[in-house]
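A.B. asks: need coordinates for the following:
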Amino acid sequence: MTVLPNDGLSLAAEFPAATHEQWQHLVEGVLRKSGKEVSGAAAEDALSTALEDGLRTRPLYTALDAAPETGFPGFSPFVRGSRPEGNTAGGWDVRQRHATAAGDLVLADLENGVTSLWLVVGEDGFPVSALGQALEGVYLDLAPIVLDAGRDTENAAGELLRLYEERGVARDAARGNLGADPLGYEARTGQRLDFAPAAGLARRCAEEYPGLRSLTVDALPYHEAGGSAAQELGASLATGVAYLRELTEAGLTVEQACAQLEFRYAATADQFLTIAKLRAARRLWARVAEVSGAADAAGAQVQHVVTSPVMMSRRDPWVNMLRTTIATLAAGVGGADSVTVLPFDHVIGLPDGFARRIARNTSTILIEESHLARVIDPAGGSWYVERLTDELAHAGWEFFRWLEQIGGQAAALRSGRLGERLAETWEARTAKLAQRREPVTGVSEFPHLAEKPVERAPAPQPPSGGLPRVRRDETYEALRARSDAHLARAGARPRIFLAALGPAAAHTARLTFAANLFQAGGIEPVTEGTFEESGATEACLCSSDTLYEERAADTAQALKTAGARHVFLAGRPAQYTDVDDHIFAGCDAVAVLTATLDRMGVS
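C.D. replies: Residues are numbered from 1 along each chain as shown. Sure thing, here's the model as predicted:
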């Protein structure tokens, strides 16, 4: 009888173990071919990617990239999850947002996979008096309700508690969150709210409704103002600490105060950053609870994660389905307790039935078909994820410390200093968007000018007056709006003639690059026929450096003779006679497009 070895497969047993230095040497060779003479650690740095908050993603992580001990799921510091069982019992809570009192939409969601409701009530949503109508037919002992009512929180909470009593829901069966968030409201509107009503709701929940929380620590205002992941973490911690102070002064114990808070974060299509952010958030809050004197279990942060409105585009909104799918996957892998998938048409107006169905089915597919929730903390143990979690936790803690040093979250908001820091971050990111170093598919990359606009009924206006709300597509959206207006007036979009020199192998790459860039500003590229036939007033040469040397000057002159007012060349700047400007990877596309539309008289 043959006895098989019990050490499993050894596919690499006959090969010597590779070293880090050998890998770096191979990287040096690859970089040398692209004209970069670097060696050792510098070669590795050349392949690194800069993130916000001073972080970098390196091309290779190994066991040497140590991170602090993460513990077990459900135990401090809760990096691996707030509950021992994670989401394995049935997946995360699928929470759908409703800003209108359409009870049929609410029931359709609950009958098709949604497990809790996030209701926008009051001045920013539907009237408090319509809460009963919105919840008509809803089993309130089965579906947790989360309110978002701003300055109407006290009235909305009172109405919800009245509905519980009226419909015979036992107090220990009520689940959800009454949604008080005075600092979040101030961040949105610039208006201060008295904390006393929130404290009253917290005391009542602690004493009478063990399954209800009273306060939300909403970090979305800081994310939507352009803040980085670390700034979002720091601001949420500072808000949570402010609420702990208020609640304990109102007579709650630290443990009771912690139990009244639910944290809300954004999930973006940067899946690894989102995973690390959620894991880091739990670690940081566990540390806050620890230094506040709470028992270990009180430091388990409850997280409600929402797919980012900042990443959503108004042009080619169908791509938003892909963005929200990746963001939802990241939220699930990161250990979110509840996830709200915003419909793909969220930034256009009120979502239609198709958009709502796709939104709720996104979670269903990931839970039921991809089995994403069957493993607790599936990213745990990844050297990259663990290192990124640790680095992001330190960056978030530093921002939290800065907020505390200048007087805390309320003082930072009222002085404007928090807004200034967020604006600085967004300004740096805006430059990357303008240079297309951060691409927006369907907007700055592969735009579709012939796309028919998606139209929706207007949604209730979100609160304003405080921190701004930014969008990644906002600058390009303004350019496209200018093009749309020109189309309505003149019957055609502004055009540019792309002069392709030589065979396809010589011009295809730069022709595609130029076409994408100009379409991002609503300028239609014309590649067929002659310049005179194109209806364009400007032109762009597209070819290889070799053909530019031979033909750029003569072709540019011929185009100007034919009537071209401005001639671009697609490629790195070089000295070519009669070429007015260059477009290339990393150039300020927004500046180029703005100037081009100005010259064309497109207002």
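
A.B. asks: give me phi/psi at residue 127?
C.D. replies: phi -60, psi 150 (degrees, to the nearest 10).

A.B. asks: wait, it touches residue 101, no?
C.D. replies: Yes. Using Cβ atoms under 8 Å, residue 127 is in contact with residue 101, at 7.4 Å. Using the backbone N, CA and C atoms, a C-beta is placed for each residue, glycine as well.

A.B. asks: ok, the two, which is more surrounded?
C.D. replies: A direct count of neighbours by other Cβ atoms under 10 Å for residue 127 and residue 101 places residue 101 higher, at 20 against 16.

A.B. asks: which residues sit in contact with the more buried one?
C.D. replies: Residues counted as contacts of residue 101 (Cβ atoms under 8 Å, 6 or more residues apart in numbering) are 126-127, 130-131, 133-134.

A.B. asks: do the same with residue 467
C.D. replies: 187-188, 221-222, 224-225, 419, 422.

A.B. asks: hmm, try it at 7 Å
C.D. replies: Going by Cβ atoms under 7 Å, 6 or more residues apart in numbering, residue 467 touches 187-188, 221, 225, 419, 422.

A.B. asks: same question for residue 397.
C.D. replies: Contacts of residue 397 by Cβ under 7 Å, 6+ apart are residue 284.

A.B. asks: mind checking the SS state of it?
C.D. replies: Using DSSP: H, G, I helix; E, B strand; the rest coil, the structure places residue 397 in helix.

A.B. asks: show the pLDDT at it.
C.D. replies: You'll see residue 397 listed with a pLDDT of 98.

A.B. asks: then residue 11?
C.D. replies: So, for residue 11, pLDDT stands at 65.

A.B. asks: likewise for residue 6?
C.D. replies: 55.

A.B. asks: is residue 475 in contact with residue 590, as I believe?
C.D. replies: Yes. The pair residue 475 and residue 590 passes the contact test of Cβ atoms under 7 Å, sitting 5.2 Å apart.

A.B. asks: give me the common contacts of those two.
C.D. replies: Contacts common to residue 475 and residue 590, judged by Cβ under 7 Å, 6+ apart, are residue 434.

A.B. asks: where exactly do the strands run in the stretch 501-603 of the chain?
C.D. replies: Under the criterion DSSP state E, counting those that start in this stretch, strands of the stretch 501-603 of the chain are mapped to 524-526, 538-542, 566-570, 581-583.

A.B. asks: how about stretch 537-545: buried residues?
C.D. replies: 537-544 (16 or more other Cβ atoms under 10 Å).

A.B. asks: oops, could you answer that again for stretch 471-488 instead?
C.D. replies: Buried residues in stretch 471-488, counted by 16+ other Cβ under 10 Å: 471-473, 475-477, 479-480, 482-483, 486-487.

A.B. asks: now swap in stretch 340-347 and tell me
C.D. replies: Neighbour counts using 16+ other Cβ under 10 Å place 340-347 of stretch 340-347 among the buried residues.

A.B. asks: picking up where we left off before, as CSV, the buried residues of stretch 471-488 with secondary structure, pLDDT and distance to residue 334 would be great.
C.D. replies: Listed next are the buried residues of stretch 471-488 as CSV, based on DSSP: H, G, I helix; E, B strand; the rest coil; pLDDT from 0 to 100; distance: Cβ to Cβ, whole Å:
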residue, secondary structure, pLDDT, distance to residue 334
471, coil, 97, 23
472, coil, 97, 21
473, coil, 96, 25
475, helix, 96, 30
476, helix, 97, 30
477, helix, 96, 30
479, helix, 97, 35
480, helix, 97, 34
482, helix, 97, 40
483, helix, 97, 39
486, helix, 96, 44
487, helix, 96, 43
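
A.B. asks: from the residues you listed, which is closest to residue 46?
C.D. replies: Here the nearest of the buried residues of stretch 471-488 to residue 46, counting by Cβ to Cβ, is residue 472; it sits at 27.0 Å.

A.B. asks: not counting its neighbours along the chain, what's nearest residue 480?
C.D. replies: residue 522 (4.5 Å; Cβ to Cβ, 6 or more residues apart in numbering).

A.B. asks: what is the burial count for that neighbour?
C.D. replies: Residues near residue 522, counting by other Cβ under 10 Å, number 26.

A.B. asks: against residue 557, how distant is it?
C.D. replies: Using Cβ to Cβ, to the nearest Å, we find residue 522 at a distance of 29 Å from residue 557.

A.B. asks: low-confidence ranges, the stretch 351-500 of the chain, go.
C.D. replies: By pLDDT under 70, the stretch 351-500 of the chain contains no weakly predicted segment.
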